[in-house]
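Undergrad: build me a structure from this.
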Amino acid sequence: MDKKEARSNSLKDRRKVDYVNRSKNVVKYIIDNNILDRFNNIGIYYPIGTEINIMDLMKHYKNKNTT
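TA: So this is what the prediction gives:
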């Protein structure tokens, strides 16, 4: 399998996942395990399509610089 096929297969698999619940679970895991607590600057991205949505981290970490 070449890179193009691998990417295509990964995108197909990702579309099958309930990304709304997956996003909530990822954000909950990060917050519950204090993963970002020690950092002052946190990079946040806007999700495209079915990417994991971590925008709720900005609400939780209001006292940190989120870019």
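
Undergrad: and for Val27, the neighbour number?
TA: The criterion is other CB atoms under 10 Å. On that basis, Val27 has 18 neighbouring residues. For every residue, glycine as well, the C-beta is placed using N, CA and C.

Undergrad: what's near enough to touch the residue lying closest to it once chain neighbours are set aside?
TA: Excluding its sequence neighbours, the residue lying closest to Val27 (CB to CB, 6 or more residues apart in numbering) is Asp56, at 4.8 Å. Contact analysis of Asp56 by CB atoms under 8 Å, 6 or more residues apart in numbering lists Ser23, Lys24, Val27.

Undergrad: just confirm the first one contacts Leu57, I think it does.
TA: When you say that, I think you mean Ser23. No - with contact defined as CB atoms under 8 Å, Ser23 and Leu57 do not form a contacting pair (10.4 Å).

Undergrad: over to Val27: give its phi and psi.
TA: In this entry, Val27 is assigned phi and psi values of phi -60, psi -40 (degrees, to the nearest 10).

Undergrad: looking at the contacts of Asp56, spot the one nearest Gly49.
TA: For the contacts of Asp56, the residue nearest Gly49 by CB to CB is Ser23; the value is 12.3 Å.

Undergrad: what about the closest one, distance to Ser8?
TA: Counting by CB to CB, to the nearest Å, the gap between Ser23 and Ser8 amounts to 23 Å.
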